[in-house]
Every structure is written in structure tokens, then in C-alpha cells.
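Chemist: A predicted structure for the sequence below; I have some questions about it.
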Amino acid sequence: MIPSIRKQFNQQFTDQKYKAFLEELFTRFGHEIEFRIAETPVFIPKDLKKRLFEACDHIIDVILQPDFMVNTERAIPEGKNVPFEDKHAQFLAIDFAICEDANGRLTPQLIEMQGFPSLFAFQDVISETFRRHYACPPDFDYLFSGLTSEKYRKLLGQVILNGHKPENVILMDIEPQLQKTKVDFMAVKDFFAVPSVCISKLKKNGRKLYYEANGHDIEVKRIYNRVIFDELDKRTDLNLQFHMNDDVDVEWAGHPNWFFRISKFSMPLLHSPYVPETKYLSDYKGNFPTDLENYVLKPLFSFAGTGVIYDVKPEDVTTIQDPENYILQKKIYYAPALKAPDGEGVKTEIRMLYLWPYGEPRPIACTNLIRFSKGVMMGVKFNHNKTWVGGSTAFFEPETN
């Protein structure tokens with residue numbers, strides 16, 4: 001996105017460098033990563049950096065409003081309310097498409113946001129590996145808020161562990177060993193000695209939770225939660241002693257209720273030049289836009305793109321029986337902001353990653369995650385057999401340049 005740096009990077013790029021880069025990533029944890037890693041990082045100019053942080057601040061300001069909890073109470077589906085909710089989310093991931101404004105300048109547009117962990121540990125690994133294998137400008141950084149890699153890992157550990165011994169903290173998911181993102185779980189284990197445990201392996205005795213390790217039951221005092229209810233509901237084959245909304249004596253690193261509160265449910269509460277027009281379908285009271293082709297229809301309580309209608313027709317909105325559970329969002333159009341060596345434009349999405357430790361007045365901007373696409377949309381099925389697509393990181397131009 002900075003033409004001179006992109007040109008130099010592309011000229012110096014070789015398949016051999018890329019293979020060496022991947023080999024280090026794969027051997028770091030003895031695991032061949034199951035999602036595609038892109039050939040390049042992104043170099044973000046300071047004007048776009050400024051806009052990204054303005055956009056994030058607009059969103060965070062809304063989350064901090066006194067009425068946010070009341071306005072998002074309906075976000076938590078019936079039967080999914082987990083006891084002992086924290087006063088605020090501990091993890092925040094905000095996804096932006098990189099677009100062009102009316103003047104042709106690159107600008108972020110909100111796609112999605114999550115009060116839920118992302119690849120917080122792995123992103124530090126991949127970013128440092130990019131720096132070792134490629135000629136990234138030394139004064140550009142992937143970290144924010146004055147963090148170094150060491151300070152960032154310490155902060156992440158503080159949020160995950162909250163002072164507990166690592167053996168009493170677990171990363172909980174559904175069959176974590178089978179998840180495509182398990183490389184992040186491996187990084188959490190490597191950094192903090194926190195094990196990954198399937199929710200089906202947890203034992204409950206009264207209000208206490210336990211997992212088994214080396215033939216011994218070990219008490220769980222804090223859960224770094226990576227379970228998504230939508231996925232758990234589909235796994236009727238699992239034999240569970242512990243259910244997410246059980247009244248148990250544990251802390252949550254990422255309380256499950258915040259997954260729902262900070263989500264597409266809360267997008268209609270946002271009003272910013274960096275947020276596309278978004279309304280609950282029920283707010284239209286039957287008077288829908290006449291240009292529905294310029295909108296996307298999304299169900300509130302499904303995830304990973306399930307049920308999204310990209311090419312909206314009148315019958316799609318008029319036949320819905322529960323319009324309060326859908327949003328209609330103005331379409332945005334990605335700019336082909338990154339140029340591959342063959343000259344082809346690549347669409348870019350950036351996830352800004354924040355940690356919110358107890359006692360801090362606002363979330364702390366920490367790092368980022370990048371996804372590239374050459375297809376109609378993001379995602380593996382739209383980028384099959386393509387190069388210069390997949391996951392990556394961004395290095396940001398310093399303010400002093």
C-alpha cells in the first residue's frame with residue numbers, strides 16, 4: 001500500500017524465501033498450518049493507520065457508553081446466558097475492509113467485530129517470522145501502544161492467566177486438536193504453559209470443574225474460552241458433563257456473553273464514516289430500501305457466514321418472520337489495494353486486536369491480523385488454488401516518517 005516499499009518487496013521476493021519462511025513457521029510447533037499463509041505482509045501508510053485508529057475509537061466509545069449493556073441485552077440468545085459476566089470484554093477483534101473513499105484514498109470500512117479471542121498468540125509468531133525472512137522496513141511495526149514482543153506476550157499472559165497457575169487455566173474448545181487454528185493453541189501452550197482441553201473432557205463435581213492430566217484430576221479455575229455456542233449446538237454427539245451456562249466456580253478469560261454483545265448485533269448502534277449503514281430489519285417497518293441490490297442481509301444468531309444473503313431480493317426481506325433477528329447492511333467494495341508481482345490486485349481485510357485487562361479504562365490496541373483475497377469474497381472457497389492470498393500481518397508506518 002506504500003508503492004515504493006511494495007515495489008521493492010515484490011522485486012526481492014522469491015519462492016525460495018517464501019518456502020523458507022513457511023518451513024520455519026511449520027517447524028516452530030511441529031505442525032503444518034492448515035490455513036493458507038500468504039506470501040507477503042502489508043505495509044500500512046500512516047494516513048490509513050490514522051483512519052484505522054479513528055474507526056476503532058468510534059466503536060470503543062459506543063461500547064463504553066453506560067447504556068451499551070442494556071442495548072445489547074437481547075443479543076444473548078435464550079438459554080445462552082452464562083453466569084458471572086464481567087463488566088467488560090477482555091478481548092476485542094475489529095474487522096475492516098480496506099476500501100477507497102470518494103477521493104480515491106484508502107479507508108477502512110467495518111465488516112464485523114467480536115468480543116472474543118482471535119489468533120492473539122500466533123500473530124506475534126508470524127509477524128516476527130516475516131521480519132526475519134523478509135526485508136521489512138525496520139522502523140515499521142506490527143505492534144501498537146509502545147509494545148515490544150516481550151511486553152505484548154506479558155500482557156496477553158496477564159489477561160489469560162489473571163495470576164493463576166498455568167495448570168489451573170485451560171484453553172477450552174471443541175476438539176481443539178482438530179481445529180484449523182490449533183497452531184494458535186500451540187502458541188498459547190508454548191508461551192504460557194496453558195493446555196488445550198475439549199469441553200467434553202471436563203468433569204464437574206458440585207461447582208468445581210476438573211480436567212485430567214497424567215492420571216490426575218486438576219481443578220480448572222479460569223477458562224480461556226474459544227468455544228462458539230453455534231458450533232457447540234451442532235455437536236449433539238458430545239457427551240457433556242459441563243455446559244457453558246452451568247453455575248460453576250470458574251473465571252472466564254473472555255466471558256461467553258461478550259461474544260454476543262460485541263458482534264453484528266451491535267453494529268446498528270454504531271454511527272461513523274467508517275461503519276456502513278446498518279439497521280435491524282425490524283426498524284424498516286416494512287419500508288425497505290428500493291435498491292436492495294446494494295445491501296447484504298445477515299441473520300444475527302448464526303456465525304461464520306451462515307445464512308448471509310449477498311444478492312438481496314424483495315422476497316428475502318418481506319418473508320422473514322422475525323425481522324428483529326436480522327440486519328440489513330449497506331454493501332462495501334474492497335479496493336484492490338495490494339499489488340501482487342503479476343500486477344493483479346489483492347483485496348485486503350485487517351483485524352485490529354485489542355486486549356482489555358481488568359482495571360484499564362479502555363481496551364489496549366495490541367496487534368493485527370490480515371486476510372487477503374482475489375475472489376469475490378474472503379474465505380478459502382473463493383481463493384482455491386490462488387497465490388498471494390490467505391493470512392498475514394501488517395507493518396505500520398511510524399508517525400515520525
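Modeler: Cool, the structure landed. Only a predicted model underlies this, so the values are computations on that prediction, with no experimental measurement involved.
Chemist: For the protein, which segments count as helices?
Modeler: 3-12, 15-28, 46-63, 68-71, 122-133, 149-161, 182-192, 229-234, 257-261, 314-318 (DSSP state H).
Chemist: The last one: which residues count as buried?
Modeler: Read that as helix 314-318. Judged by neighbour count (16 or more other Cβ atoms under 10 Å), helix 314-318 contains these buried residues: 316-317. C-beta coordinates here come from the backbone N, C-alpha and C atoms, glycine included.
Chemist: what is the mean pLDDT for it?
Modeler: For helix 314-318, mean pLDDT rounds to 93.
Chemist: What of the shortest one?
Modeler: Over the span of helix 68-71, the pLDDT mean works out to 96.
Chemist: what does that helix contact?
Modeler: 62, 261, 266, 269 (Cβ atoms under 8 Å, 6 or more residues apart in numbering).
Chemist: Between which two of those is the distance greatest?
Modeler: Maximum pairwise distance in the contacts of helix 68-71, criterion Cβ to Cβ, is 11.5 Å, between 62 and 261.
Chemist: Have a look at these two and say which one is more surrounded.
Modeler: residue 261 (22 against 19; other Cβ atoms under 10 Å).
Chemist: give me every residue that touches the residue nearest to the more buried one when sequence neighbours are not counted.
Modeler: With sequence-adjacent residues excluded and distances taken as Cβ to Cβ, 6 or more residues apart in numbering, residue 261 is closest to residue 72, at 4.2 Å. Residue 72 makes contact with 260-262, 265-266, 269, according to Cβ under 8 Å, 6+ apart.
Chemist: Give me the buried positions along stretch 116-130.
Modeler: Buried residues in stretch 116-130, counting neighbours by 16+ other Cβ under 10 Å, are found at 116-127, 129-130.
Chemist: Please apply the same query to stretch 180-198.
Modeler: So, applying 16+ other Cβ under 10 Å, buried residues of stretch 180-198: 181-189, 191-192, 194-198.
Chemist: Endpoint to endpoint, that stretch covers what distance?
Modeler: Across stretch 180-198, the terminal residues are separated by 15 Å (Cα to Cα, to the nearest Å).
Chemist: Can you list the low-confidence ranges for the stretch 301-401 of the chain?
Modeler: 303-305, 375-384, 401 (pLDDT under 70).
Chemist: on that earlier part again, among the buried residues of stretch 180-198, which one lies nearest to residue 282?
Modeler: residue 181 (34.4 Å).
Chemist: Dump the helices of the chain to a markdown table, plus distance to residue 95.
Modeler: Shown next, in a markdown table, are those (distance: least, Cβ to Cβ, whole Å):
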| stretch | distance to residue 95 |
| --- | --- |
| helix 3-12 | 23 |
| helix 15-28 | 23 |
| helix 46-63 | 11 |
| helix 68-71 | 19 |
| helix 122-133 | 14 |
| helix 149-161 | 20 |
| helix 182-192 | 17 |
| helix 229-234 | 18 |
| helix 257-261 | 14 |
| helix 314-318 | 24 |
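Chemist: highest average neighbour count across the ones you listed?
Modeler: helix 257-261 (a mean of 24; mean count of other Cβ atoms under 10 Å).
Chemist: contacting residues around that helix?
Modeler: For helix 257-261, contacts defined as Cβ under 8 Å, 6+ apart pick out 68-69, 72, 75-77, 80-82, 85-86, 88-91, 114-116, 228-229.
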